[in-house]
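> what's the 3D shape of this:
(one chain, ligands or ions: 2)
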Amino acid sequence: MEEVGTGLLDRLDAMQRVAASAPGGPLLIVAGPGTGKTRTLTHRIAYLCAELGVFPERCLAITFTRRAAEEMRTRLAALMGDVADDITVGTFHAVGLTILRENAKAAGLGADWRIADDAERAAAREQAGADDLAYAKILRQQDLVDLDDLIALPVALLRDEPDLAERYRKRWQWIFVDEYQDVDEVQYELLRLLSPADGNLCAIGDPDQAIYSFRGADVRYFLRFSADFTDARLVRLTRNYRSSAPILAAAVQAIAPSTLVRGRRLDPARLDPESPLVGRYFAASVADEADFVVRTVDELVGGLSHGSLDSGRVDSRAVAPGTLSFSDIAVLYRTDAQSGPIVEALSRAGVPVQKRSHNRLRTRAGVQEIARELRHASGLGGGLPARVKLAAQVLAQRYAAPTLDGDQMAPEDVWAAADLLMPLARRTGDDVSHFLQEIATGAEVDALDPRAEAVHLLTLHAAKGLEFPVVFLVGCEADLLPLRWPGATPGDDEVAEERRLFFVGLTRAQDRLYVTHAARRFRHGSEREHTPTPFLDAIDGGLFDRLGDTTPARPRERQLRLL
Ligand code: ATP
Ligand code: MG
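Residues are numbered from 1 along each chain as shown. Ligands and ions are numbered 1, 2, ... in the order given. Below is the predicted model:
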């Protein structure tokens, strides 16, 4: 036992160790991107179980996306082995769903309650007009709940039934919340009900990465943690292990004008003097921007179609040519509409891409269709694992395939996707309807398979918490970041949130970061001139390697002096 514990903490730095081994009671870990918050959280759970005799089944770890939950489960399993299975790991929605399932009747739901699909919700909305109460009533009459209800109903239930709340507090005596800066009011209420003010609540986050206020998240819950929970312990982590020094310097400068963290510090742990600068590409058009992405992917991965590996243009030691694969690369954008030209250009060049198309799973017809196939597949196998595997395979093949519409998946891809679905399937056993419910509650990034050999395409929001050796942040333009709708000017708070979003994007990169902007772009029905986002102005010009810049050449500092 002791060996396990010691080994565990060995993999943390001094401050991370303080956080991971802190005794029970409220604990707030506040730290910037890449400082090991998620790593510290998983190690803390493993440490508490291995060293302090905490039972895994008394632990509840909450994340914001299912992808993050799967990631955490994988990391916990790697640290702890099979006992990790006894830890409840899930999104707020999944936790709410668990409570509702266990108390459907008490929550006023009928025997056949389920989650409404998009069409059902739209119909209820239309019928109810703008009346929220009428909308809820219409759903309830059909024994339907929507995603908000998954948290709101348990909150109401636990508030009304203190005994029940107490039972859950006994069951989950240790609660861990990653990305705490993005909790909204109802999620916060749920946490308050699940954790006493002096409870073992460990919240982790970064106020400068709060990007969900448009959905009701409120960073103030983070900032007042110490007031809400008794004698809260505060640990700060300041060493960034993720990004090369130039990338980190650019990100820190970018967030500076609106940081929410007093005395913010973020020191690079990586000091390789050969790290490339941040590539800044001045695209003439959207097509040119997409072309740049393709060309650069080609250079980095090497010899896509014409053996450019020999061109000698890739020079970083951190990402030497040939060592990079497609899945090391992510293209991030502000709006989903921007992905079209990029996907097209990459696909034309033969680069596999993975991008979640979530709507197919969100219609009732779609889910029913899966259910039929799933039941059929379940009937074919022998033991449970085989059945579940088959079911997962069918599901993956039909619905989670991260390929372009209409594309056929290779057989290997089917199995890769099946692998992705396996943990889900295992968790829900052979209960098909529950499995489907979990799928229906999936968040945007869920179907991304970190192991699939394909370039990741995702929105900035979906990229939260993730990291990639190479990141392209495309569309860094004044109209897109901050996002501007015709006839509307974003207010100060919105601009600040967009800047945080920009910060989140920059800090996803480990070794290479490219920011691009197009001089012309088709938006809202017409093609117009676009200027680079003013967010770029906060970054020292010396941190950029200007690419494709047609303005008159001027001397520039190519070698960065950070050290
Ligand atoms: P974000 O705010 O983006 O979610 P984070 O603070 O959760 O970031 P992690 O994802 O936990 O950061 O860690 C970032 C990277 O740094 C990971 O690759 C992680 O393995 C690595 N890392 C963290 N701590 C250490 C450490 N002590 N030694 C070596 N690598 C570390
Ligand atoms: Mg994290």
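> Low-confidence stretches in the stretch 101-250 of the chain?
Across the stretch 101-250 of the chain, nothing is flagged by pLDDT under 70.
> ranges for the strands of it?
114-115, 144-145, 174-177, 200-205, 233-237, 239-240 (DSSP state E, counting those that start in this stretch).
> Pull up the gap between Gly350 and ligand 1, please.
30 Å (C-beta to the nearest ligand atom, to the nearest Å). For the C-beta atoms, the positions are set from N, CA and C on the backbone; glycine is no exception.
> how many neighbours does that residue have?
10 (other C-beta atoms under 10 Å).
> Count the neighbours of the residue in the stretch 451-563 of the chain that ligand 1 sits nearest to for me.
Nearest residue of the stretch 451-563 of the chain to ligand 1, counting by C-beta to the nearest ligand atom: Gly465, 4.1 Å away. Applying other C-beta under 10 Å, we find 21 residues neighbouring Gly465.
> That one and Ile204 touch, don't they?
No. Counting by C-beta atoms under 8 Å, Gly465 does not reach Ile204; the two are 10.6 Å apart.
> Provide a list of residues in contact with the spatially closest residue to Pro532 that is not a sequence neighbour.
Counting by C-beta to C-beta, 6 or more residues apart in numbering, His517 is the residue found nearest to Pro532 once chain neighbours are left out, at 4.5 Å. For His517, the contacting residues are 281-283, 289, 475-477, 530-533, 536, by C-beta atoms under 8 Å, 6 or more residues apart in numbering.
> would you say the residue of the stretch 451-563 of the chain closest to ligand 1 is within a helix?
No. Counting by DSSP: H, G, I helix; E, B strand; the rest coil, Gly465 falls outside a helix, being coil.
> May I have the distance across stretch 275-292, first residue to last?
21 Å (C-alpha to C-alpha, to the nearest Å).
> What ranges in the protein fall below the confidence cut-off?
Counting by pLDDT under 70, the chain has low-confidence residues at 1-6, 303-322, 356-371, 373-410, 412-452, 486, 551-563.
> I figured Glu57 was touching Asp86, is that so?
Yes. Counting by C-beta under 8 Å, Glu57 does reach Asp86; the two are 4.4 Å apart.
> For the stretch 251-400 of the chain, which segments are assigned as helices?
286-301, 339-348, 364-380, 384-395 (DSSP state H, counting those that start in this stretch).
> elements contacting the second one?
Secondary structure elements in contact with helix 339-348, counted by 3 or more C-beta pairs under 8 Å, 6 or more residues apart in numbering; DSSP states H and E, are helix 286-301, strand 329-333, strand 353-354, strand 455-459.
> and it, which residues are buried?
339, 341-343, 345-346 (16 or more other C-beta atoms under 10 Å).
> With distance to Gly90 as added columns, please give these in TSV.
Conversion of the buried residues of helix 339-348 to TSV gives the following (distance: C-beta to C-beta, whole Å):
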residue	distance to Gly90
Ser339	28
Pro341	36
Ile342	32
Val343	31
Ala345	37
Leu346	33
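> Quick check: the farthest pair among the residues you listed?
Greatest spacing in the buried residues of helix 339-348, by C-beta to C-beta: Ser339 and Ala345 (10.8 Å).
> how about the residues of the stretch 151-300 of the chain that lie near ligand 2?
Residues of the stretch 151-300 of the chain lying close to ligand 2 (C-beta under 5 Å from the ion): none.
> The same query, at a cut-off of 6 Å, please.
Neighbours of ligand 2 within the stretch 151-300 of the chain, by C-beta under 6 Å from the ion: Asp178.
> Walk me through which strands the helix or strand Arg521 falls within pairs with, and which way each runs.
Assigned by DSSP states H and E, Arg521 belongs to strand 520-523. Here strand 520-523 is paired, per DSSP bridges, with strand 526-529 (antiparallel).
> what does the partner strand contact?
With C-beta under 8 Å, 6+ apart as the criterion, strand 526-529 contacts 519-522.
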